[in-house]
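Peer 1: Pasting the sequence and the predicted coordinates here, then a few questions.
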Amino acid sequence: MIRSEILKDIAPIIRDHLVVCNIGLPSQELHLIDDQPTNFYMLGTMGLSSSIGFGLALAQDKPVISIDGDGSVLTNLGTLPTIANNATGNYTLLIIDNGSYGSTGDQPTYAGRKTSLAAVATACGCDNVVEVQDKDLGPVLRAAIDSDDMTIIVCKCDSGNIKLPVITLDPVVIKHRFMQAVAS
Amino acid sequence: MNIDKRICDDLVANDVSFVTTVPCKQLAGVIEEIDQRSEIFHIPSNKEDEGMGLCAGAFMGGKRSAIIMQNTAIGVTINTLATLTQFYRMPLPMIISYRGELREPVACQVEMAVHTKALLAQMHIPTYHFHWQKDVEEFDNILKYTFMCNKPVAILTDANFWGGYGDQ
Ligand SMILES: [Mg+2]
């Protein structure tokens, strides 16, 4: 499966939850598949999906899912020790690991070669790290959201993209409706 | 006057309850004070752009947030300031240790100090420079201004403000 197929698969699971979605194609795909006010789309700032979602999870009680990528996590590896050492049960980090920088033309990442992000997360002190194959993600994600323990999911999948438009929503509109959804 | 305590008092009075820090020798006292305040959740960051991401999330979660860091971080965070904090219009007080200014003992710090105000000006970030201890009296107003206008705001605090480096 490629990332857009995974997002289609998990859309019913995440649609009622707060989701912080990674820059580029992941946000464009989620916006096309199931736009919700509970989705925060990143329009820039590669690497910070995990940090934004984690700050949100620490600040309030609702479940938060950060959808991140292997390339983006590699950009902000320092996030994993921070998350591990300040764990909060309402947070789930979903790393969709297709072994490539999808939004920039599928150049290979080190996660697709020798580096295991699951092993990195574990070494950083994350207690519940699950590596899962794309087709098995749904139940694992549902369990992680329902669990009182913070979970890091590394979902291995194929690289590949679909053609789709950029998000034209104004960032202030994205923020405003997201904050209303958080507060509701 | 204890400026560490004064800064924390003003943060608390302005309802700032989420603070991330990247350490600096000059900031050790204020970071320790923040860590001890029950009204403030303190989360150390590994890098300043990560910290700004945490602050953005906390802000959207309903908590006023702030970051404490060195001015070298301006070189690290230009993209995050432009594409996250400014693009989405989020308030962010940045309490910045202004290394490389008067009474600085480390020459290399000057290399970023000479760019600091120019970079902040280029980013159109409102910037205040605390040089004397009494300058801290402006901090409360700066916090109110930041949350009024939903912008990142820089407070540069130099070695003279913190009382120098002892016998260095
Ligand atoms: Mg990827």
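Peer 2: Structure received.
Peer 1: Just give me the neighbour total for residue 63.
Peer 2: Answering for chain A, as no chain was given. The tally of other residues near residue A:63 (other Cβ atoms under 10 Å in any protein chain shown) stands at 18. Every C-beta, even on glycine, is put in place using the N, C-alpha and C of the backbone.
Peer 1: actually it's chain B I care about, not the one you picked
Peer 2: Number of residues near residue B:63 (other Cβ under 10 Å) recorded here: 21.
Peer 1: Likewise for the one 10 residues further on?
Peer 2: Other residues near residue B:73 come to 25 when the count uses other Cβ under 10 Å.
Peer 1: Residue A:53 touches residue A:63, doesn't it?
Peer 2: No - applying Cβ atoms under 8 Å, one finds residue A:53 not in contact with residue A:63, separated by 10.5 Å.
Peer 1: pLDDT below threshold where in chain A?
Peer 2: Within chain A, the set of residues satisfying pLDDT under 70 is empty.
Peer 1: what about the helices in chain B?
Peer 2: For chain B, the helices defined by DSSP state H cover B:3-13, B:28-36, B:48-60, B:72-80, B:107-122, B:139-149, B:159-162.
Peer 1: My read is that residue B:149 contacts residue B:91, right?
Peer 2: Yes - with contact defined as Cβ under 8 Å, residue B:149 counts as touching residue B:91 (7.4 Å).
Peer 1: Pick out whichever of those two has more residues nearby.
Peer 2: A count of neighbours by other Cβ under 10 Å puts residue B:91 above the other of residue B:149 and residue B:91, at 21 against 12.
Peer 1: and that one, what does it touch?
Peer 2: Contact analysis of residue B:91 by Cβ atoms under 8 Å, 6 or more residues apart in numbering or on different chains lists B:59, B:64, B:146, B:147, B:149, B:150, B:151, B:152, B:153.
Peer 1: Residue B:25: neighbour count?
Peer 2: 13.
Peer 1: How much space separates it from residue B:33?
Peer 2: 15 Å (Cβ to Cβ, to the nearest Å).
Peer 1: tell me, what's touching residue A:53 and residue A:63 both at once?
Peer 2: By Cβ under 8 Å, 6+ apart, residue A:53 and residue A:63 have these common neighbours: A:18, A:91.
Peer 1: show me the contacts for residue B:37.
Peer 2: Residue B:37 touches B:8, B:12, counting by Cβ under 8 Å, 6+ apart.
Peer 1: for chain B, what are the low-confidence residue spans?
Peer 2: Residue ranges of chain B with pLDDT under 70: B:166-168.
Peer 1: Write out the residues of it neighbouring chain A.
Peer 2: Within chain B, the positions adjacent to chain A are B:18, B:41, B:43-47, B:49-63, B:65, B:79-80, B:82-84, B:87-90 by Cβ under 8 Å from any Cβ of the partner chain.
Peer 1: Assign residue A:77 to helix, strand or coil.
Peer 2: Under DSSP: H, G, I helix; E, B strand; the rest coil, residue A:77 falls in the coil class.
Peer 1: Next, the residue nearest to it when sequence neighbours are not counted: secondary structure please.
Peer 2: Sequence neighbours aside, residue A:120 is the residue nearest to residue A:77 in space, at 7.0 Å (criterion: Cβ to Cβ, 6 or more residues apart in numbering or on different chains). Three-state call for residue A:120 (three-state DSSP): helix.
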